[in-house]
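Colleague: mind folding the following:
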Amino acid sequence: HAIDEAEIAREMQFHRAATPHEAREAAATTLVIRELVRLECERLGIEPAPDAGETDDEARVRQLLDREVAAATADPDAAHRYFEANRERLHHPDRLQVDHILLAAAPDDIEARLHARTRGEALIAQLLEAPGRFEEFASLHSACPSREQGGSLGWIERGDTVPEFERQLFMLREGLAGLTVETRYGHHIVRVVAIEKGAPLAWDEAAPIVGAYLEARAHQNAIHDYLQGLRERWPIEGWEHVAASP
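Modeller: Predicted coordinates for the structure are as follows:
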């Protein structure tokens, strides 16, 4: 099967990346793996049996890997060594006490989102000069019901809000963020009032987490090795041209 530019272009829409070249290479890789899986399923006589919502291609991948790649089991000694070497990373969830001002804009309204960001940057500049006015600004400008509490969201742990908010929120230090935080709802002016680090996990608390992580990592490595084996069974011609920049 020859993978042409039209197929790569169609697949690229499903691969967000920093550059078009990276998106193109990710799309080409996906198409190659999909074809390797199809060929191997044909060789083994595996007919796609999609679950609800699955495509034939997705079903082939699932069925082939379920059949050919064994589930991994974490070694208890390896798990304990990982725990000892990574104690600083194994802790109860951090939490933040956060205030915010939401400048609302619909996800597909580019002009409104640009206006919200510009307006947010102007308000941040004013708040840097007069930090004591945050609650007043929240009451005047925020589109969130928290404006009635001066913009307070209280204490937040991971999973309490939308992922794109948390990804940025948990990178902040205490104080007023110098830039707006963008989410599906618009742009937020954020003030981190306090940061509370989670207490370290004891071994009995960490053991199931570490075991699941090591099993998932081992399984991913096994899948990678298996796909490498498919590349050897079904040689790829012209890969350098498929993945190269247009």
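
Colleague: do a quick rundown of the strands in the chain.
Modeller: In the chain, the strands defined using DSSP state E lie at 95-104, 152-157, 175-176, 181-183, 186-196.

Colleague: and the longest helix seen in the chain, what's buried?
Modeller: Looking across the chain with DSSP state H, the single longest helix is helix 203-233. By neighbour count with 16 or more other CB atoms under 10 Å, helix 203-233 contains the buried residues 206-207, 210-211, 213-215, 218-219, 222, 227, 230. To be clear about C-beta, it is placed using only N, CA and C from the backbone, and glycine gets the same treatment.

Colleague: show me which of those residues is closest to residue 106.
Modeller: Using CB to CB, residue 213 is the member of these that lies nearest residue 106, at 38.1 Å.

Colleague: and that closest one, how far is that from residue 232?
Modeller: For residue 213, the distance to residue 232 equals 29 Å [CB to CB, to the nearest Å].

Colleague: then residue 61?
Modeller: If you go by CB to CB, the gap between residue 61 and residue 232 works out to 19 Å.

Colleague: what's the answer for residue 123, then?
Modeller: As for residue 123, its distance to residue 232 is 59 Å (criterion: CB to CB).

Colleague: just to revisit the earlier point, looking at the strands of the chain, which is buried most?
Modeller: Comparing these by mean neighbour count (mean count of other CB atoms under 10 Å), strand 95-104 comes out on top with a mean of 22.

Colleague: remind me what that strand packs against, helices and strands.
Modeller: helix 110-129, helix 134-141, strand 152-157, strand 186-196 (3 or more CB pairs under 8 Å, 6 or more residues apart in numbering; DSSP states H and E).

Colleague: now do the first one: distance to the chain's middle.
Modeller: To tie it back to what came earlier, the one meant is helix 110-129. Counting by CA atoms, centre = their mean, to the nearest Å, helix 110-129 is centred 26 Å from the centre of its parent chain.

Colleague: so what touches that helix?
Modeller: For helix 110-129, contacts defined as CB atoms under 8 Å, 6 or more residues apart in numbering pick out 101, 103-107, 133-134, 137, 141, 176-180, 182, 186-189.
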